[in-house]
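A.B. asks: sequence below, structure please.
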Amino acid sequence: MAISEQEFNTETKILKKVQQLLGKTLTKLGDEVTSDEENLIEFKKMMWENSNSFDKGEMQQVMAATSLESQKAIQKQEYFRKLLQIKNKPYFASIVFKDENSQIHNIYLSLTYLKDDKLNNILYDWRSPICSLFYDYEIGECQYEAPGGIYKGQLKRKRQYKIENNCLTGVFDNSLNIDDDILQEVLAAESSDKMKNVVNTIQQEQNQVIRNLEDNNLIVQGIAGSGKTTVALHRIAFLLYRLKNLTSNNILIFSPNNIFTEYISDVLPSLGESNTLQTTFNDYLSYFINEYKEVETFTDFIARYYSYKEENQELVKYKQSDEIITDFNNYISEYISSRCFTDSLIENEINVVTSDELNYMLNHKYNRLPLFERLDEMAKKMSLHFYKSSSKKAKTFAKLMKEVANFTKDYKQIYKNFWTSKHCKIIVSDIEINNFIKQEKINYEDALLFSYLKGKLEGFPYESTIKQVVIDEAQDYNRLQYMIIVEIFKKAEFTILGDINQNINPYYNYNSLKDLSNLFNGDTKYIELLKTYRSSPEIINYTNKILNLHHINAIRTDNNKPVIIRKNISNLKESLINDVISLQNKYKSTAIITKDIIEAENIYEKLKDKFEIFLIEPTTKNFKKNLIVIPAYIAKGLEFDSVIVYNNRNNSYRKNERNLLYVACTRCQHELYIYN
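C.D. replies: Here you go, the predicted structure:
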């Protein structure tokens, strides 16, 4: 709701005062940052020139003082950078809060805080406790929780601003209503090459995820377009603001692929925070498995299925199943319990360790450790006992133990033996076993099992510095992967986000992501996001029919354009060209989404002479979204203004591939064409 002219003029004056204070603060802070840098350089120079005159205690004091000053200088630089970031748009919303003592608080929400000369807050960081009122309440009674306790009162006003280049162009009073003017304007906007922050349109259900500090772990089931990834990134920014001693280097995001990593790379910087560490599960597999030259990616694993190149799908399904976890654990336990030393270790005539002593150390003294880690500890112990050093002869004793043991660290052979053991619940021929054991590139489904086996026998690569782990597209990870991740990040808390309806792994699926709750340490809360902000009602109604869904709420109200179905096309190239031209005249980004990479390559060849078009492959990192052709299993997490979903009549989506079609169609914001 627009405000009166008098109120608009008042808001204009407030903006000018904030601009003046912001300019003054930037000037002062800029001078201090420059001065601090010069002083630190001079101080370090003086310390270097006079280092010989300091004793050890004095030197430690000087180093500690230098470190503290450096830290203060860095904090000033960070704050200066954040103020520069809001220079042309100081704030985006405000609230008027009347507390229980009838005191009125005018709160202006920004990406960071700003204080006046008397240290009064003029701008509040959107992550501060009182700002939660803007996201969680309509006009009326409200409360917020801060370190000092729970504060109650009344929310008297909620207001949003459009500020462009320091000029106030629009002011709107609004309630929490999801169809407010600002939200609909944002939803109607064209998509960009990279994901943006949405601090001005965070909704109540999203805010409950972002600001949750009560639970150690969150599992978020969110329908397509509900903002799962956006919520995850804003949650990271919130945690960095609220949790002491948490830095970007303590947070790790598991992304589905490198394309997605690049797509989200601007969100945290736009919120004033540094990007966190990011990886894919394949990165871990490639790092941990050095027995093979290469590890198949998840994308190639999926492509192998959808291109119908997999001969024994039942075997792959078993390798991906929860059932094999029990079978595999039983096999590993039996393998470990049956390992022993069959003879005494003789280093020389004097240094002898009997087989009984060796087996006692292996099976009792060091049985808290993984099997092969026990051998390392035993070698160190013997070196210390005989040579008063834990490292001097450790390699010698390790080598001698191999000669008297009934086992060796041959993970390929150990893995191979599972498939002929009593624990394997499926019949596999010797030829099949050798095919996936002896090749230089290990298949994805085998890599998961192989890395679990290796981790159980020698220990997983524990990462103690990671305190928060975020996993996006959670439905694409099977239970074994979560077990591995929890082993690696033993002390971390987890935010898991996914949608079981967007599962593209044909060999594995969840009834509910809530099934993962018992895997994590501490309290785990399951939350559902049931509103979609991406697509028009027409597109949502169409995609609902693909999976027979009924619970999806479409928020957009701006479209009224039907889904276009193209069938029995006589000239494919001409039809595609005409549709692309039509869509590009209306929108910034258009994606042609195919079923597999072969179809994507064919479409690319047909159109590359007519348009500037990008073919998106698993290895692609940088691209413009203006016009792309991309397989559906790579398009996950991305969104486009318009989408053409194409599949060849000889390669149509089968009944058990509906999820992939659903993923393709739900990438679209405004206008959807189906070529079938």
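
A.B. asks: point to the residue nearest the middle of the protein.
C.D. replies: Ile253 (3.5 Å; C-alpha atoms, centre = their mean).

A.B. asks: tell me which helix or strand of the protein sits lowest on mean pLDDT?
C.D. replies: helix 181-188 (a mean of 56; mean pLDDT, DSSP states H and E).

A.B. asks: could you point out which element follows that helix?
C.D. replies: helix 204-210 (DSSP states H and E).

A.B. asks: what's that following helix packed up against?
C.D. replies: Packing partners of helix 204-210 (3 or more C-beta pairs under 8 Å, 6 or more residues apart in numbering; DSSP states H and E): helix 132-136, helix 228-242, strand 524-529. C-beta here means a position set from N, CA and C on the backbone, and glycine is covered the same way.

A.B. asks: how far does that helix sit from the chain's center?
C.D. replies: 17 Å (C-alpha atoms, centre = their mean, to the nearest Å).

A.B. asks: can you tell me what sits against it?
C.D. replies: 132, 135-136, 176, 202, 218, 220, 226-227, 230-231, 234-235, 238, 495, 527, 529-531 (C-beta atoms under 8 Å, 6 or more residues apart in numbering).

A.B. asks: and those residues, which are buried?
C.D. replies: 132, 135-136, 202, 218, 220, 226-227, 230-231, 234-235, 238, 495, 527, 529, 531 (16 or more other C-beta atoms under 10 Å).

A.B. asks: sheet-wise, list the partners of the helix or strand hosting Ile630 with their directions.
C.D. replies: In the assignment (DSSP H and E), Ile630 maps to strand 627-631. Here strand 627-631 is paired, per DSSP bridges, with strand 590-594 (parallel), strand 614-615 (parallel).

A.B. asks: looks like the residue nearest to the centre of the chain contacts Val470 (just checking).
C.D. replies: Yes: if you go by C-beta atoms under 8 Å, Ile253 and Val470 touch, sitting 4.7 Å apart.

A.B. asks: which residues touch Cys142?
C.D. replies: Listed by C-beta under 8 Å, 6+ apart, the contact partners of Cys142 are Phe97, Leu133, Asp136, Lys152, Gly153, Gln154, Leu155.

A.B. asks: just confirm it is within a strand.
C.D. replies: Yes: Cys142 sits within a strand when classified using DSSP: H, G, I helix; E, B strand; the rest coil.

A.B. asks: and the gap between it and Tyr161?
C.D. replies: Between Cys142 and Tyr161 the computed distance is 21 Å (C-beta to C-beta, to the nearest Å).

A.B. asks: mean pLDDT and distance to Asn166 added to the helices and strands packed on helix 204-210, as JSON lines?
C.D. replies: As requested, those are arranged in JSON lines below (pLDDT from 0 to 100; distance: least, C-beta to C-beta, whole Å):
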{"stretch": "helix 132-136", "mean pLDDT": "95", "distance to Asn166": "22"}
{"stretch": "helix 228-242", "mean pLDDT": "95", "distance to Asn166": "24"}
{"stretch": "strand 524-529", "mean pLDDT": "96", "distance to Asn166": "35"}
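
A.B. asks: and these: which comes nearest Met195?
C.D. replies: helix 228-242 (6.7 Å; C-beta to C-beta).

A.B. asks: flag the shaky bits of the stretch 501-650 of the chain, pLDDT-wise.
C.D. replies: Filtered on pLDDT under 70, the stretch 501-650 of the chain yields the residue ranges 551-559.
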